[in-house]
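>>> With the sequence up front, the predicted model follows.
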Amino acid sequence: MRSTLLALALAASATRVFASCAHGTFLRPRAENGTVEIATFGYTGNIGPLNWAALEAPVNSVCATGTRQSPIDMVDGVFTLLQGSDIQLTVNDMPEGADFENLGTTVEVITQGGTLQVADKTFELQQFHFHLPSEHLDAGTSQAMEMHMVFQSAAQEIAVIGVYINVNDAPAASAAAAAAATTTKTKRSRSRIFGRQDPASNNTAAAPATTTPTALLETLFSTVDQISTPGTKVKTPPLVMSEVVDFLKANAFQIYSGSLTTPPCSEGVSWHVSTARLSVTPTSFAKVRDVIGFNARFPQNTPGQPNILMLSALGSAAAAVAAAAAPAAPVA
Ligand SMILES: [Zn+2]
């Protein structure tokens, strides 16, 4: 009876569609009729990341067994640094606006063309979406948000550009005012807003003003309250991508081979975590937080080390054996 129920539960879950970080790729094709599919996994309780493997077995099993899972703590030694000038990155502007969807697990922009060329491979941009708080940790520290730009190659390989987003609590200033700021102030601001950065790219002409919010994000998030219900979408105002693209290319990427951070947790994902940081106003951050809530998978083990859930299962089994072998507690 119990196994029958389990089989029924598995069969039911297998017919559902999981929207994920891989939405729009070969792993999770978008619905052809234009409807917004709502994810059936989540971030808390029984559908949270501790139980993703069981939600759609065996498709998701690597979530609990894989040894190169994402996200990770981006500390020295787990990544190599690649200068932004060493990749080719183009993302088409969207002058007519773009579809902005609430998938239940994230909010996502359906892009209209873009390519990433790195190490003789070409990937096509499918979408970008957001996590709150950040999934990767910057040397042990979570950031307010993280943007994922998801690319797929003709050979169905996946590459993701991850970009941390900070809340800009500095008074809004024009680009001209920011550029005119003192050198000391500029350096301090760059350190706070952008974190580690290639000194060679420390060129304010190549990057947007450090104390102003990222225009793309402010434009986009001005509409996020219109998709507060999972399964809804809105057409955004015109989106200019060149500001962010130029900014990314003027900085560097921390490269490692990891996985999707959502089911099915497929490995072989080429991660490019930018050393540049984008910025949103506290008002925009509050609006996005009200819609997303929380959608970050817990940090995974160092690439190449055993999956944390495997270690946890072994530890639980060992604890159970030890408890069974222990002499019964004396009755008082
Ligand atoms: Zn993601």
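Yes, it's here.
>>> Can you tell me which residues in the protein are near the ion?
Taking CB under 5 Å from the ion as the contact definition, the chain meets the ion at 21, 148. For every residue, glycine as well, the C-beta is placed using N, CA and C.
>>> tell me the strands in the chain, going along the chain?
73-74, 80-83, 88-91, 99-102, 107-110, 114-118, 121-131, 137-138, 145-153, 158-167, 233-235, 252-259, 267-280 (DSSP state E).
>>> which stretch among those comes nearest residue 44?
With CB to CB, the closest approach to residue 44 among these belongs to strand 121-131: 14.6 Å.
>>> buried stuff in the closest one?
123-131 (16 or more other CB atoms under 10 Å).
>>> need the contact list for the closest residue to the ion within the stretch 201-332 of the chain.
The minimum distance from the stretch 201-332 of the chain to the ion, using CB to the ion, falls at residue 261 (5.2 Å). The contact partners of residue 261, by CB atoms under 8 Å, 6 or more residues apart in numbering, come to 21, 70-71, 131, 135, 148, 297.
>>> And stretch 274-293, end to end?
24 Å (CA to CA, to the nearest Å).
>>> Off-centre distance for that stretch?
Relative to the chain's own centre, stretch 274-293 is displaced by 13 Å; criterion: CA atoms, centre = their mean, to the nearest Å.
>>> Just the buried positions in that stretch, please.
Going by neighbour count (16+ other CB under 10 Å), the buried part of stretch 274-293 is 274-281, 284-285, 287-289, 291-292.
>>> Could you identify the most distant pair in these?
275 and 291 (27.8 Å).
>>> List the beta-bridge partners for the closest residue to the ion within the stretch 101-250 of the chain.
For the stretch 101-250 of the chain and the ion, the shortest gap (CB to the ion) falls at residue 148, measuring 3.6 Å. Taking DSSP bridges as the rule, residue 148 bridges to residue 129, residue 162.
>>> and it, how many neighbours?
Number of residues near residue 148 (other CB atoms under 10 Å) recorded here: 23.
>>> Wait, it touches residue 131, no?
Yes - with contact defined as CB atoms under 8 Å, residue 148 counts as touching residue 131 (6.9 Å).
>>> can you list the weak-confidence ranges in the protein?
1-20, 170-211, 329-332 (pLDDT under 70).
>>> In it, spot the helix with the most residues.
If you go by DSSP state H, the chain has its longest helix at helix 308-325.
>>> I am finished for the moment; much appreciated.
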